[in-house]
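**Q** dropping the sequence and predicted coords here.
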Amino acid sequence: MKRPNVLWLMSDQHNASCTGYAGNPNVKTPAIDSIAGDGVEFTQAFCNNPICSPSRISFMTGQTCNHHRMMGNRHSMWPAPNPDTLACLFRRYGYQTALAGKSHMVRRWDADGFEFRAYTDLADADDNDPRTCHYFDYLVEQGLADHYEEGAPKPGQITLDGSHPASLPYEHSIEHFTGEQSLRFLRERDTSRPFFLKMSFQRPHDPITPAPEDFDLINPDDVVLPDTISDLFDQQFAGKPQFMQDYMAAPGDYPMAQPDRKKLQRALASYYALIMKIDSEIGRVLEYLKQTGQYDNTVILYVSDHGDFAGEHGLFLKNLGIYESIHRIPLLLKWPGGPNATTCDELVESVDWYSTLCDLCDVPEPAGRDGRSLVPIATGEAAGKEHVICEHHASSAIRTQRYRLVYYTDQQTGELYDRDSDPGELVNLWDDPAYASVRLDLQQQLLDYHMDYRRDTDRARDQRESHATRYCFSPLLHKHRRYYSELTDAYNKPTTWPPA
């Protein structure tokens, strides 16, 4: 039998409960649901980091953060090679490799690993040339560059709360571009070799801006809010660490922390619309594989880099704590000859994808990986993990089948939840004497993990990098609220450098 193809479907910031197969009453995802029907749903899958770049590096290297050591979020221009990323490894073993969409890793790794690249995120551009992002270059060619939304909102843009549509029609959207480039690769590829395609969607991560024609795809009044909105709406985060309560008492707009039912419903309606458009692009690719006879011999993964509150705890977006809604991710796996319409409730995590793919495609796995193949876990031949760990700059979470513990090193406090009695993680047991031994045991496990640690990148490096590149073309567009049109003349006329 020929080696299987690989279709790695990835979204950004997709809450695991926000799909049709997971039972969400408002989200229709027939394409993603079909993968669940033809494969395995891992109901207890978790990311290794709650922010984009380090989480994606864990997927691509099969290493937890304490081993790959890259905890920052700015890695595009990182100079060191890595010959053992999944893309590099599969390219060495004869696969034709492609990336369409968001990478948010290291440009050099992508260049070494992917023969075909079509970026959509300015985080992947060369700092000095935004047109090295293929989607942005497409917008420039169309005369639409000022409508690019990703990054800090430009003046007049409202992109974080779902209250406004995009200024671009769907035909020029990030989702449609990602679908078009994925199909372009599949149509033009070398059919004598198996393919490895990472189709990586940039959303439903903000900007929460569906195209104008999709803005009313879901009626906000019909959106069913989760029961855990009571955490903010009724309890004002009572029992949570004091720094969180202080934040809720004077909320900013990120995360969106106002107890406003209508506003939350509108945000979720836009968030769900983005998921449904991602699903439609996935559907186009799946249909092409079926029509060309390639579907049955293709390993397919659907996953997200991390979650989103998506209404849980009364919040939206992320960047507050490490709750189940942020830590747990959707993970579906379908492979030739594998089980159909199966659920697996074992604990698994991001780093397991590397080992799984090596297992399914008969590619030798390099030493130094931290995962294990999901295949025997999915078929019931092996157990999952006793615990999984997620870490951010100044916080870490450990999740067992029963408990979640989060420790904030900068605050010297934490959260503990007994999920058997409190699956919504509403009652913080950190200071409960009855759970003291549980807390100490979980803290010890976190300490054991962190004893083997060194960081190459972190938040401090991000800040230095941001300062050093603050006048570079791509960062000005991406993070400093500038429009392409106002900068173009400045960059073409050195006498005006740097731009005002």
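**A** Happy to help now that I have it.
**Q** next, count neighbours for P330.
**A** 24 (other CB atoms under 10 Å). C-beta here means a position set from N, CA and C on the backbone, and glycine is covered the same way.
**Q** in space, what's closest to it - neighbours in sequence excluded?
**A** Distances taken as CB to CB, 6 or more residues apart in numbering place A16 nearest to P330, at 4.5 Å, with adjacent residues excluded.
**Q** and the one you found, that one's in a helix?
**A** No - counting by DSSP: H, G, I helix; E, B strand; the rest coil, A16 falls outside a helix, being coil.
**Q** mind checking how far it is from E324?
**A** From A16 over to E324 the distance is 9 Å, taken as CB to CB, to the nearest Å.
**Q** need the residues touching each of the two.
**A** Common neighbours of A16 and E324 (criterion: CB atoms under 8 Å, 6 or more residues apart in numbering): G307.
**Q** higher neighbour count, these two?
**A** A16 (25 against 22).
**Q** got the contact list for that one?
**A** Per CB under 8 Å, 6+ apart, neighbours of A16: A22, A45, S304, G307, R328, I329, P330.
**Q** kindly report the same for L183.
**A** Shown in contact with L183 (CB under 8 Å, 6+ apart): R284, V285, Y288.
**Q** please redo it, this time with the cut-off set to 10 Å
**A** Shown in contact with L183 (CB atoms under 10 Å, 6 or more residues apart in numbering): A100, M199, E281, R284, V285, E287, Y288.
**Q** out of those, who's nearest D448?
**A** D448 has its nearest neighbour among these in M199, at 37.1 Å by CB to CB.
**Q** give me the pLDDT for the closest one.
**A** Predicted confidence (pLDDT) for M199: 98.
**Q** using the three-state scheme, assign it.
**A** strand.
**Q** burial count for it?
**A** Neighbour tally, M199, other CB under 10 Å: 25.
**Q** that one is in contact with S103, isn't it?
**A** No - in this structure, M199 is not within contact of S103 by CB atoms under 10 Å, at 11.7 Å.
**Q** what's the overlap in contacts for those two?
**A** M10.
**Q** if we can go back for a sec, among the contacts of A16, name the ones in strands.
**A** Residues of the contacts of A16 located in strands (DSSP state E): A45, S304.
**Q** so which of the contacts of A16 comes closest to G368?
**A** Out of the contacts of A16, the member with the shortest distance to G368 (by CB to CB) is A45, at 22.3 Å.
**Q** quick one: the closest one and R266, what's the gap?
**A** The value you get for A45 to R266, if CB to CB is used, is 29 Å.
**Q** the more surrounded of the two?
**A** Higher neighbour count among A45 and R266: A45, with 27 against 20, using other CB under 10 Å.
**Q** okay, and the beta partners of that one?
**A** V348 (DSSP bridges).
**Q** residues touching it, list them.
**A** 16, 303-304, 327-333, 344, 346-350, 352-353, 374, 384, 388.
**Q** so, low pLDDT: which residues of the stretch 251-400 of the chain?
**A** For the stretch 251-400 of the chain, applying pLDDT under 70 flags the ranges 251, 253-254.
**Q** can you tell me the closest non-neighbouring residue to the residue nearest the centre of the chain?
**A** Central residue of the chain (CA atoms, centre = their mean): D305, 2.6 Å from the mean position. In space, and not counting its chain neighbours, D305 is closest to S55: 4.4 Å by CB to CB, 6+ apart.
**Q** ok but that neighbour is inside a helix, no?
**A** Yes - S55: assigned to a helix according to three-state DSSP.
**Q** can you pull the contacts of the nearest residue to W353 once chain neighbours are set aside?
**A** Closest residue to W353 apart from its sequence neighbours, by CB to CB, 6+ apart: F59 at 5.5 Å. By CB under 10 Å, 6+ apart, the contact set of F59 is 8, 10, 47-48, 85-86, 105, 198, 301, 303, 305, 349-354, 371.
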